[in-house]
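Undergrad: Make a model of this:
(2 chains)
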Protein chains: 2
Amino acid sequence: MDTWLLQKEGFNVQDAAVDGSRFLCANGYMGLRGVPEEASSALFPAVTLAGVYDQNGDRWREPVNAPNCLYIRADFNGLPLSVEKTQVQAHRTALDYRYGIYSRETDFGEVRVSSRRYVSMASAHLLADEYRLVFFRDGELTLQAGISTDIWDINGPHLFDFRHSEGETLVTTCLTGQNRIAVAAAQCVRTDFEAPESLRKDETGIFRVFRRIVKKDETLTLWVFSAVYTSIDDPAPADAAQRCCAQAMAAGFDACLQAHKDAWEDIWARSEVMMEGNEEAALALHASQYHLNCVAPRHAQNMSIPARGLSGQTYKGAVFWDSEIFFFPMFVYTQPVIARSLLRYRIETLQGALKKAAEYGYRGAFYAWESQEGGIEGCTNFNVVDVFTHRPVRTYFRDKQIHISADITYALRSYWEITGDRSLLMEGGARVILECARFYLSRANARVDSDEVDFADVIGPDEYHERVTNNAFTNMMILHCMESALMLRDIFADREAWFDRLLKEMDYENDWALLDRVRGRVRQSRKQDGVIEQFDGYFELEDCSMETVRSRLRDPREYWGGDHGVAGTTQIIKQADVIALMALLPERFTDDQVAVNWDYYEPRTEHGSSLSACMYALTACRTGKTDKAWELFMKTAGIDVTGGGKQWAGEIYIGGTHPASNGGAWMIAALGFAGLRIKNGGLTLVPRLPRQIDRLSFPVTVNGQDYRVEVARDGGRIRQL
Amino acid sequence: MDTWLLQKEGFNVQDAAVDGSRFLCANGYMGLRGVPEEASSALFPAVTLAGVYDQNGDRWREPVNAPNCLYIRADFNGLPLSVEKTQVQAHRTALDYRYGIYSRETDFGEVRVSSRRYVSMASAHLLADEYRLVFFRDGELTLQAGISTDIWDINGPHLFDFRHSEGETLVTTCLTGQNRIAVAAAQCVRTDFEAPESLRKDETGIFRVFRRIVKKDETLTLWVFSAVYTSIDDPAPADAAQRCCAQAMAAGFDACLQAHKDAWEDIWARSEVMMEGNEEAALALHASQYHLNCVAPRHAQNMSIPARGLSGQTYKGAVFWDSEIFFFPMFVYTQPVIARSLLRYRIETLQGALKKAAEYGYRGAFYAWESQEGGIEGCTNFNVVDVFTHRPVRTYFRDKQIHISADITYALRSYWEITGDRSLLMEGGARVILECARFYLSRANARVDSDEVDFADVIGPDEYHERVTNNAFTNMMILHCMESALMLRDIFADREAWFDRLLKEMDYENDWALLDRVRGRVRQSRKQDGVIEQFDGYFELEDCSMETVRSRLRDPREYWGGDHGVAGTTQIIKQADVIALMALLPERFTDDQVAVNWDYYEPRTEHGSSLSACMYALTACRTGKTDKAWELFMKTAGIDVTGGGKQWAGEIYIGGTHPASNGGAWMIAALGFAGLRIKNGGLTLVPRLPRQIDRLSFPVTVNGQDYRVEVARDGGRIRQL
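TA: Next comes the predicted model:
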């Protein structure tokens, strides 16, 4: 078994959505869904651009899909060599995780089509495809390659005013509807054959058309080099795109491929977790690490990663808390420069967070729940459609999920603690922490007749219970945020000029006084036999089984949460909440506390979010439940191998890759199975190797120093490199 | 036109529910629904007892219906003389509002049945019926009179362990299921004819059976005297009931009727509003005053009135804010002893309010939203059933409608100001005010970084918008409550020993300090062009028309409120909210403010509650919109004449009489059209006589002094009596 290779036999139109994600190529700048070159928009092809958003009317604002500039289409003797239009004899798709190379081979009987392609990890704007035809009889070939404007959008269209130009390079430019961002796609080709060439230019795009009489057993190869640029990247994106693919063509397919592979080698050298003794697990882990690594921003220093990576427009292409809580750990331990970029994105979108807080009548920074460029809140007040009335339902994710700001400051503090790099604090990170603490001061609900401070009317990680008070996760993460602010004061105030300047600029004097007064008063959750109550009144909710709740559904597509949902009035929760807190702040809880809470909450958790299993697995490791942890690990790591997770919510496509699970898989392996911890600045291990594997080893970088961690049956060790 | 008489021709089983309420007889102790004597439970007969509640299993807790002790059934030649079983030639029902006498006359062809009956206003436990038969051919009569245990219950059964005893008086005793309260019903009869008599005793009750051969043109009369007692009234309720009806029979039907009529004469002398020049209006006003007067507690000094009076078990027979805001004004101005009883009910149920506050983690008194005996909260967490899923929906009336406590203190203060009677304050009223103010102190949401105090997560009078912050009505009524507490201090502290003792007992020192600090900080609502925002963010809601909202319904029975309801996310409101505030605290607003807000809110108000029109009418008077006020007056006053209002919510019967509208009609006439005000202890008028009437006059009692108010075209005057 090749633990680096994902393969699939056969073609089935029903699988197109899932497979487009499973076979994704990406490089952080853009994602190319894993569908055949000839696919129409019905198979959901997409070249999804990172950080470029557009809104059409009052539909959801979402990332822009560029023109499909790797479009190739062949016809032989009038037969379309297309998986959609012609019955295939055989079809095989593969993705090489090590080098991010997608390949397909399709036997159409008289002709075999095969290709391999990649989105270059060495050159952010470049895509390349090697497309090969083998003929089993004589006939006439028509081969088209070009830039298709038949673009699949969920809430589009987003691109207008298409202009095509021809020459050695084909170039299509267009403008987004809302902000008039120019998007340019270019393509040039090489062939190993001679053929008369013409040009087709119509409302579906611009294409070179080759016609040729071919002989049985002949093999023809076409190399396509494409590039995408926007006016955000370059003031003359068409020229830049043209230059990029011309240079690639000049260098040649093999040279470009080698540069791309070298870049991947470097990524794996820095991040690969080697798991020995279980090939299925090793494959899943490679898949997870591939999918998270391939969507990481490497071309920019101030970008984050959408919740569905670059696999399409799902979830509005927005940045969620997934970035800080689920993606960040692998990067901060293996490629801190990317962790830094995720956080710089938050630093640079502080204005958006200040604005959002002010809109709700608060001070400080209230980050967007679904953050788009500039910190624009992509989350609307209506995120669910009722299956009975087909009416949008008011949900409160946007306005009540206030833990987002604390999740960000948690990551900022972790970055500092793990990398030892304080420059990020100086470059705006400290300001973010102080503004977030200020937000919580202003959002706090004090009683006038009591010392306790509540955080009322919030939503915790468990979104099924909306508008609760004193969510344990939220309150303790807020406390952590406040303590981080006070820690900054202890370390930097009256010692470092940049910090004192910052305080003066922010007029923070009164906030310090408030923080001192409030930090000890934040309400601690009630406990019952050691179980921390998820929020005030949770224990009074109906305590029934998952089966009971499920049996109440009248429609399988019903939303479970809120006052109308089957879970909302019961103790059934969507995902880890108290347990997530214990995973994030392990030092605040004893092993016994974790065990008691795990046993209480796990049977009450639907795991209806891909963010859930990883938190339960991490805490299961701590309490020695390694079999359970293993099961959850396999579920987490395998999600983008098998294409698990929900694809459709009613009529809304919510499929895509699952970077949070991908990051979760690394966390379970490194922080759970190996038990990696930072204690007093040093690294320690508390290994919990599951019986299903023999050995685990991986590199980490802490405080600028590279280490190799190795865990085997007889224990673990950390080797400084 | 007899402006005291409600009449209806014909019988229609579909109207039984509505007519049972329209033709109600009651005396504060019990209500007898206006259905024929022979009715089975399918026609919703009921003898509903005030203040006696029972819960069957986990169904809704509701008042107990006593055995039907005015049951009479005749059969002639085998033909049941029953509106349910035999086609009638003619049927006429009437209710004499002046004396509360129900009568029916039914022509069955061969026999005519007529009766008149009442629930005695002179003797709380007594009911009497005169039942007459006229024969148009010879034949054989079977006549049964007795106590039927075929009881209509909404969430029953509630009565168990029936025991019957016979003799001159039939007696049925039974026990409620939950609290084992004994309920006894007794009956004795007189006839003007001789007939062999036997006894039938089975699972449907106990009955005397008369058999007789009758001749054409013969007339027979049966007089039935019945009584109901419970073990709450008397330790030996069966004996007491037996005694009561034996005494009545000894006195005779006419004497008992005269005592009953005398009692009604006295009530009308104290309360009748005479409206001249419009008979339809005069009838409606008589109906309103009749229905409110007949459910007033007169047999006890510490009872209140359920929201649907004594017309059945609707709304759990519970006491709502309707008592203090809608019933109280007529009584405090006309029969202060009843107003006193309504408030003593609150004083004596303070323990329940303290308990409820404590359950939610607050101090002070949080009164029940649906109060049953002892202040028990009858409101559940689920008050609506979703029409699509048939699942109960979590509503927040119980936990968030906090204005209830301030509504009560508002009435307590009004009582004092209007009657000049401070004994109620000394007997517990002051304690209620202080405990309610304390509740609000504890419920207040202060920010730690701001001086303003919010009241977050509440429901105002407009129940369609759940869980809002800073509802204008709620905040200002709370402020009024706090100010009432502080007024008590100013007047009584350090001056009157009873008050100082109370403060000491309540340990109120710290609360005074908090009240002083908070009273000036309660958040004032935002204004936009003079319009007071109903709650924070209301103006940002979708501003669409009633028609638009209605057009979105997928089922006519859908609940409009909450996050799933068609109104919940728009500016469409269920009932007067800001306008109710302006009606209750007129001195806090200028005429211009009232006019601007009226014009804004009225078109956005569904008037989906019978509590709405009256508030709009009152404020319409103030701003000179007398035509609009008249229209709303007629809607309000006529509701129990026409039987308007919703009867069914899905499968739940919500019909009954509308005492809040009844009280509202008095308020519009006296406080609106006549413009009665108390200013510096004196009475003033600001008459706004609508063009539809010529003259208006009514008695009021203020400060123990009786007055007569007269308003005509040429102005108004107040005559001291």
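Undergrad: what's the least confident helix or strand in chain A, going by average pLDDT?
TA: Least confident helix or strand of chain A, by mean pLDDT, DSSP states H and E, is strand A:648-649 with a mean of 65.
Undergrad: how about the strands of the stretch 151-300 of chain A, start to end?
TA: In the stretch 151-300 of chain A, the segments counted as strands under DSSP state E, counting those that start in this stretch are A:159-165, A:170-176, A:182-191, A:197-202, A:205-214, A:219-230, A:274-276.
Undergrad: List the strands paired with the first one, with their directions.
TA: According to DSSP bridges, strand A:159-165 has the following sheet partners: strand A:170-176 (antiparallel).
Undergrad: Likewise for the fourth one?
TA: Partners of strand A:197-202 in the sheet, by DSSP bridges, are strand A:205-214 (antiparallel).
Undergrad: Next one: A:N445 relative to B:H465, how far apart?
TA: According to Cβ to Cβ, to the nearest Å, A:N445 stands 20 Å off from B:H465. Backbone N, C-alpha and C define where each C-beta goes, glycine included.
Undergrad: Look at the two and report which has more neighbours.
TA: Comparing A:N445 with B:H465 by neighbour count (other Cβ atoms under 10 Å in any protein chain shown), the higher total belongs to B:H465, at 28 against 22.
Undergrad: Now for the nearest residue in space to that one that is not next to it in sequence: which residues touch it?
TA: In space, and not counting its chain neighbours, B:H465 is closest to B:G568: 6.3 Å by Cβ to Cβ, 6 or more residues apart in numbering or on different chains. Shown in contact with B:G568 (Cβ atoms under 8 Å, 6 or more residues apart in numbering or on different chains): A:R394, B:Y464, B:H465, B:E466, B:W560, B:G561, B:G562.
Undergrad: Count the residues that sit near the residue of the stretch 101-250 of chain A found nearest chain B.
TA: Closest to chain B within the stretch 101-250 of chain A is A:N155: 20.4 Å, counting by Cβ to the nearest Cβ. Around A:N155 there are 17 other residues, counting by other Cβ under 10 Å.
Undergrad: Likewise for the one 10 residues further on?
TA: A:S165 sits with 15 neighbouring residues when counted by other Cβ under 10 Å.
Undergrad: Near chain B, which residues of the stretch 401-550 of chain A are found?
TA: Residues of the stretch 401-550 of chain A found near chain B (Cβ under 8 Å from any Cβ of the partner chain) are A:438, A:441-442, A:444-450, A:453, A:456-457, A:467, A:510-511, A:514, A:517-518, A:536.
Undergrad: at 10 Å what do you get?
TA: For the stretch 401-550 of chain A, the contact set with chain B under Cβ under 10 Å from any Cβ of the partner chain comprises A:438, A:440-450, A:452-454, A:456-457, A:466-467, A:469, A:510-511, A:513-515, A:517-518, A:521, A:536-537, A:540-541.
Undergrad: Could you dump the contacts of B:G568 into CSV with secondary structure, distance to B:A250 and pLDDT added?
TA: Below are these laid out as CSV (DSSP: H, G, I helix; E, B strand; the rest coil; distance: Cβ to Cβ, whole Å; pLDDT from 0 to 100):
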residue, secondary structure, distance to B:A250, pLDDT
A:R394, strand, 67, 91
B:Y464, coil, 56, 96
B:H465, coil, 59, 97
B:E466, coil, 57, 96
B:W560, coil, 56, 93
B:G561, coil, 55, 92
B:G562, coil, 58, 88
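Undergrad: most neighbours, which of those?
TA: With neighbours defined as other Cβ under 10 Å, the most crowded of the contacts of B:G568 is B:H465; it has 28 neighbours.
Undergrad: what's the helix or strand for the closest residue to chain B within the stretch 1-150 of chain A?
TA: Residue nearest to chain B within the stretch 1-150 of chain A (Cβ to the nearest Cβ): A:D58, separated by 12.1 Å. Per DSSP states H and E: A:D58 is located in neither a helix nor a strand.
Undergrad: Do I have it right that it meets A:Q178?
TA: No: counting by Cβ atoms under 10 Å, A:D58 stays clear of A:Q178, with 11.7 Å between them.
Undergrad: out of the two, which sits in the more crowded spot?
TA: Using other Cβ under 10 Å as the criterion, A:D58 and A:Q178 rank with A:Q178 on top: 14 against 8.
Undergrad: Same list as before, the strands of the stretch 151-300 of chain A that is, but in CSV and with mean pLDDT included.
TA: Shown next, in CSV, are the strands of the stretch 151-300 of chain A (pLDDT from 0 to 100):
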stretch, mean pLDDT
strand A:159-165, 97
strand A:170-176, 97
strand A:182-191, 98
strand A:197-202, 95
strand A:205-214, 97
strand A:219-230, 98
strand A:274-276, 96
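Undergrad: residues in contact with A:Y396?
TA: Counting by Cβ atoms under 10 Å, 6 or more residues apart in numbering or on different chains, A:Y396 makes contact with A:369, A:379, A:381, A:383, A:457-459, A:463, A:466-467, A:561-562, B:467, B:563.
Undergrad: now the residues you listed as TSV including secondary structure and distance to A:R717?
TA: Rendered in TSV, the data for the contacts of A:Y396 read as follows (DSSP: H, G, I helix; E, B strand; the rest coil; distance: Cβ to Cβ, whole Å):
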residue	secondary structure	distance to A:R717
A:W369	coil	42
A:C379	coil	45
A:N381	coil	53
A:N383	strand	47
A:D457	coil	49
A:V458	strand	43
A:I459	coil	43
A:E463	coil	41
A:E466	coil	47
A:R467	coil	49
A:G561	coil	45
A:G562	coil	50
B:R467	coil	55
B:D563	coil	55
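Undergrad: Buried only: go through those for me.
TA: Those of these that meet the buried threshold are A:369, A:379, A:381, A:383, A:457-459, A:463, A:466-467, A:561-562, B:467, B:563, by 16 or more other Cβ atoms under 10 Å in any protein chain shown.
Undergrad: Can you tell me which of those comes closest to A:E606?
TA: Nearest to A:E606 among those: A:G561, at 10.1 Å, using Cβ to Cβ.
Undergrad: The closest one touches A:G460, doesn't it?
TA: No: the criterion here is Cβ under 10 Å, and A:G561 misses it with A:G460 at 11.9 Å.
Undergrad: okay, the residue of the stretch 251-400 of chain A found nearest chain B: pLDDT?
TA: For the stretch 251-400 of chain A, the residue closest to chain B is A:F388, as judged by Cβ to the nearest Cβ, at 3.7 Å. At A:F388, the predicted lDDT confidence score is 91.
Undergrad: Tell me where the model's unsure across chain A.
TA: Chain A contains residues with pLDDT under 70 at A:648-652.
Undergrad: Kindly reformat the strands of the stretch 151-300 of chain A as TSV containing distance to B:M615.
TA: As requested, the strands of the stretch 151-300 of chain A are exported to TSV (distance: least, Cβ to Cβ, whole Å):
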stretch	distance to B:M615
strand A:159-165	53
strand A:170-176	51
strand A:182-191	58
strand A:197-202	66
strand A:205-214	65
strand A:219-230	58
strand A:274-276	71
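Undergrad: Okay, and the beta partners of the residue lying closest to A:S165 once chain neighbours are set aside?
TA: Here the nearest residue to A:S165 in space, its sequence neighbours aside, is A:V171; by Cβ to Cβ, 6+ apart that works out to 4.7 Å. With DSSP bridges as the criterion, A:V171 is bridged to A:S165, A:A186.
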